[in-house]
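# Sequence isn't available, so here's the structure alone:
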């Protein structure tokens with residue numbers, strides 16, 4: 001308990017799913033948490049739940065594809081909480097579209113949220129970490145970014161990009177004592193995955209050695225490991241996989 005006392009954590013996509021679960025666990029472990037999400041009501045409710053752990057909380061309705069909005073939110077968090085120590089980029093979208101039916105707008109929108117949104121979060125949080133003398137960045141990717149997936153070429157491309165961006169930033173930000181890692185979950189029972197077809201989900205579940213999809217609260221401890229010290233002190237440029245055995249590197 002209290003592994004994150006004195007730390008300030010920003011979590012994007014924190015209104016639901018994996019982002020909300022990570023925000024809750026970080027608050028439970030003593031971090032001040034700033035929740036960012038496009039859905040204002042969900043973000044506000046998730047922040048209130050985090051506040052029940054007795055830690056400072058704030059919520060910010062932000063579109064992660066909007067550079068000015070993300071920059072302003074990071075500045076607001078730093079001003080309100082005294083800085084930023086941890087960033088979790090968890091905001092994302094997902095839809096199932098066969099490649100031969102995919103229009104460029106669908107592809108562009110997915111990359112804007114799932115990849116550019118990660119870049120913008122890192123771009124505007126990292127300078128605040130430099131001021132603090134270090135920090136942790138945790139990017140939520142997907143096992144599909146490693147192995148691919150049918151009907152999800154746009155999502156796979158974005159998540160593979162997140163893994164590559166994570167490695168590049170790990171190298172570039174290491175001199176600033178900023179550790180950058182990714183988490184590539186398998187299928188998790190979240191609102192994001194609910195939109196996939198029953199056939200896709202049934203086929204995927206049949207592939208999993210564990211035989212079931214994960215829960216958001218089962219991913220959050222991996223983020224805690226990477227955010228904490230000494231647990232996360234030797235990880236940078238890594239992609240950890242709570243994925244029900246779907247990928248075995």
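That came through, no problem. Note that this is a predicted model, so its numbers are computed, not measured. Residues are numbered from 1 along each chain as shown.
# which residue ranges form the strands in this structure?
8-12, 32-37, 57-61, 86-89, 135-140, 178-183, 239-240 (DSSP state E).
# Quick check: the gap between residue 5 and residue 101.
50 Å (CB to CB, to the nearest Å). Any C-beta I mention is one placed from the backbone N, CA and C, and that applies to glycine too.
# more neighbours, the two?
The neighbour comparison of residue 5 against residue 101 (other CB atoms under 10 Å) goes to residue 5, with 11 against 8.
# Please list all residues in contact with that one.
29-31 (CB atoms under 8 Å, 6 or more residues apart in numbering).
# likewise residue 6?
residue 30.
# residues making contact with the lowest-mean-pLDDT helix or strand in the chain?
One helix or strand of the chain scores below all others by mean pLDDT, DSSP states H and E: helix 191-194, with a mean of 82. Outside helix 191-194, the residues within contact range by CB under 8 Å, 6+ apart are 16-17, 92-94, 187, 201, 213.
# same deal with stretch 69-86?
By CB under 8 Å, 6+ apart, stretch 69-86 touches 4, 7-10, 26, 31-32, 34, 36, 56, 58, 60, 62-64, 117, 120-121, 123-125, 128-129, 131-132, 134-138, 227.
# what's the residue nearest the centre of the chain in contact with, if anything?
With distances taken as CA atoms, centre = their mean, the residue of the chain nearest its centroid is residue 90 (2.3 Å). Contacts for residue 90 (CB under 8 Å, 6+ apart) come out as 11-14, 17-19, 22, 140.
# same thing but at 6 Å, please
Listed by CB atoms under 6 Å, 6 or more residues apart in numbering, the contact partners of residue 90 are 12-13, 18-19, 140.
# With adjacent residues omitted, what lies nearest to it?
Leaving aside its chain neighbours, residue 90 sits nearest to residue 19 (3.5 Å; criterion: CB to CB, 6 or more residues apart in numbering).
# could you measure that neighbour against residue 26, distance?
According to CB to CB, residue 19 stands 11 Å off from residue 26.
# again with residue 115
For residue 115, the distance to residue 26 (CB to CB) stands at 24 Å.
# Could you list the buried residues of the longest helix that the chain contains?
In the chain, taking DSSP state H as the definition, the longest helix is helix 153-173. Neighbour-count burial for helix 153-173 flags 153-163, 165-167, 169-170, 173 (criterion: 16 or more other CB atoms under 10 Å).
# And for stretch 32-46?
Residues of stretch 32-46 classed as buried by neighbour count (16+ other CB under 10 Å): 32-38, 42-43, 45-46.
# just stretch 99-109 next, same as before
So stretch 99-109, judged by 16+ other CB under 10 Å, has buried residues 102, 107.
# can you give me the end-to-end distance of it?
15 Å (CA to CA, to the nearest Å).
# Touching that stretch from outside, list them.
Residues contacting stretch 99-109 (CB under 6 Å, 6+ apart): 97, 153-154.
# rerun that using 8 Å as the cut-off
Contacts for stretch 99-109 (CB under 8 Å, 6+ apart): 93, 95, 97, 151, 153-154, 157.
# could I get those as a markdown table with pLDDT?
Converted to a markdown table, these look like this (pLDDT from 0 to 100):
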| residue | pLDDT |
| --- | --- |
| 93 | 96 |
| 95 | 93 |
| 97 | 95 |
| 151 | 94 |
| 153 | 98 |
| 154 | 98 |
| 157 | 98 |
